[in-house]
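Participant: here is my input, please return the structure:
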Amino acid sequence: MPFLVGRYFPKSLRLIGTHLDAFSQNQFEIQVRGAKWDMDMIIKRRLERMTRDNRVPLVDRRRKNDEDTFYIKAVGKTDVCLSTGLEYSRSIEFRKNVEVLTGLYSADDIFEAIRSLQPITPRHTGKSQNTDDGLKTSSGGLFSTFWSTCHIAYQALTVEEFRHEFKELCPNFLHVGVDDLDDDTFATKTSQAANRILSSKSISEAHCFSKQGIPGHCRADMWDLMIQSDFTIDSRQNALEHCCFLKAQVARYELLTDHMIISDSEDCKADDNYFVFEDLVQDILLLWSRDEWHLKNSPNAHPTFFDAWIETEIKNKMKGKWSLPVKSYPPNGIFPFSGISSYAMLVTFIRAELETAYMMFRELYAKYFFKLHTISTYSDGIMTLAVTFESFLKQLDPLLFLHLTHEIGCPPITYAFRWLMFGFVGVLDVEQVLLLWDRILGFDRMEILSAVGASIFLFRKERLMEAKTEKDVERALMDLAND
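Facilitator: Numbering: from 1, shown residues only. Down below sits the predicted model:
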């Protein structure tokens, strides 16, 4: 990304629409709440239909024999093996009786909800403003609104602002994944610097170091250092104890959402890079669905039951015969969606052990992943990333944008939205995805995703300009992982 570079600033506190006047701001917030309510209604209707059309209840206590299949004896102790216990749920016999259950919503649902937002023009449109760092921006947001597919009241970064705020991405700096391949001295110095930072446990130094990428051998520990929210003397022992409780909950009762997770994790089979991690992805998400930690730490989690009928359904199922230790449904307060396994895939190349992999996943989810599939006013949420992507591409190559949007009728965001929503997992080569997320954690900002999306379109510009139909565009954007 030599044309999209800049200087790091602390985490932006700018929310969507804060450049609007009070009336316009209120109108925009009403629209966002309406779009979120519409998504909640989609989830509710689909959940009701699943419980009505299938013979799988919202929650059910496993029979003693079924629960026992989860437990295995190993070296003087008994442990829970989720894959073994769930073997029947993945069997052909079970699938004959139950329709394959998918996530309650998809990337298309989120995209359509965002597209439904109507344009809002601030009353002071056209006037120039000074940002805190002295940069002038147009509150009219020309590149943010002209030809836009996503009409969101957000003043996206300009390319020049991005270069200024992310200057460490400039090719003038040495980068892991590029310069270390041919420069042994740089590779050695980088490895030594990484070991020194890990020994000192300096979070600020870890963030600065990660902006140029992290060597693979120390990526796991460096990520843990940057994203940890709970400080413990022995993090691995804490992970083992916490996950032991969650695995016991999976063994004890079954959720309707379990079948959505199992079905979604099977998508790993279609990817040559991730198919060997199918069981680990499934197990991570099953623990995630049971973890009440998210009720307090993931802003998108419902702290109480999502709907009154769900609470009634569960209480009727219990009938006082057994205790279900949940405050919400699912217990983590978050319903799975189609593609949720992509987020878990990211950590499987970093942590091979379930417990440590899950603890990394939950921190990443609560800090970053939830923003990528939640309709919200976060300044680095999926709505603003979509707007920023369009703004970057329009500024860098308006003719390409015009060709795709108006001559062919294929707005670039319709292809890039899934890339953004799933953090390029399954799109780019695995090592490239990990290097990308090194930078995201280093800068603690996700606008980099929008920059990478725009870069891909520019990289494939020649093929895209020759495209005449939607199929031509799709072919031009295939096999990105092999470039």
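
Participant: measure residue 213 to residue 373 for me?
Facilitator: Residue 213 is 26 Å from residue 373, where distance means CB to CB, to the nearest Å. For every residue, glycine as well, the C-beta is placed using N, CA and C.

Participant: I should have written residue 284 there, sorry.
Facilitator: Going from residue 284 to residue 373 by CB to CB gives 16 Å.

Participant: neighbour count: these two, which is higher?
Facilitator: Taking neighbours as other CB atoms under 10 Å, residue 284 and residue 373 compare with residue 284 leading, 31 against 25.

Participant: what about the more buried one, which helix or strand?
Facilitator: Here residue 284 sits within helix 278-290, counting by DSSP states H and E.

Participant: can I get the CA coordinates of that helix in CSV?
Facilitator: Written as CSV, here are the backbone C-alpha positions of helix 278-290 (Å, rounded to 0.1, in the frame of the first residue of the first chain):
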residue,chain,number,x,y,z
GLU,A,278,-12.5,-27.4,11.4
ASP,A,279,-12.8,-29.0,14.8
LEU,A,280,-10.8,-26.3,16.5
VAL,A,281,-12.9,-23.5,14.9
GLN,A,282,-16.1,-25.3,16.0
ASP,A,283,-14.9,-25.8,19.6
ILE,A,284,-13.8,-22.1,19.9
LEU,A,285,-17.2,-20.9,18.9
LEU,A,286,-19.0,-23.4,21.1
LEU,A,287,-17.1,-22.0,24.1
TRP,A,288,-17.8,-18.5,22.9
SER,A,289,-21.5,-19.1,22.8
ARG,A,290,-21.4,-20.2,26.5
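
Participant: distance from that helix to the middle of the chain?
Facilitator: Remark: helix 278-290 is offset 15 Å from the chain centroid, using CA atoms, centre = their mean, to the nearest Å.

Participant: repeat for stretch 224-242
Facilitator: Relative to its chain's centre, stretch 224-242 lies at 21 Å (CA atoms, centre = their mean).

Participant: can you check stretch 184-203 too?
Facilitator: Using CA atoms, centre = their mean, the offset of stretch 184-203 from its chain centre is 28 Å.

Participant: quickly note the distance from residue 383 to residue 114.
Facilitator: As judged by CB to CB, residue 383 and residue 114 stand 5 Å apart.

Participant: need the residues touching each of those two.
Facilitator: Taking CB atoms under 8 Å, 6 or more residues apart in numbering as the contact rule, the neighbours common to residue 383 and residue 114 are 150, 152, 375.

Participant: report the buried members of those residues.
Facilitator: Neighbour-count burial (16 or more other CB atoms under 10 Å) is assigned, among those, to 150, 152, 375.

Participant: let's verify residue 463: helix, strand, or coil?
Facilitator: Three-state assignment for residue 463 (DSSP: H, G, I helix; E, B strand; the rest coil): helix.

Participant: contacting residues for it?
Facilitator: With contact set as CB under 8 Å, 6+ apart, residue 463 has these partners: 475, 476.

Participant: name the nearest residue to the residue nearest the centre of the chain, sequence neighbours excluded.
Facilitator: Against the mean C-alpha coordinate of the chain, by CA atoms, centre = their mean, the closest residue is residue 369 at 3.1 Å. Once flanking residues are discounted, residue 369 sits nearest to residue 343: 4.6 Å by CB to CB, 6 or more residues apart in numbering.

Participant: residue contacts, the one you found?
Facilitator: For residue 343, the contacting residues are 361, 364, 365, 369, 422, 423, 425, by CB under 8 Å, 6+ apart.

Participant: host element of it?
Facilitator: Residue 343 is part of helix 341-348, with elements assigned from DSSP H and E.

Participant: same check, this time on residue 23
Facilitator: Going by DSSP H and E, residue 23 is in helix 22-53.

Participant: please enumerate residues in contact with the helix or strand that residue 472 is a member of?
Facilitator: Using DSSP H and E, the element containing residue 472 is helix 470-476. The contact list for helix 470-476, computed with CB under 8 Å, 6+ apart, reads 404, 408, 409, 410, 415, 460, 463, 464, 466, 467.
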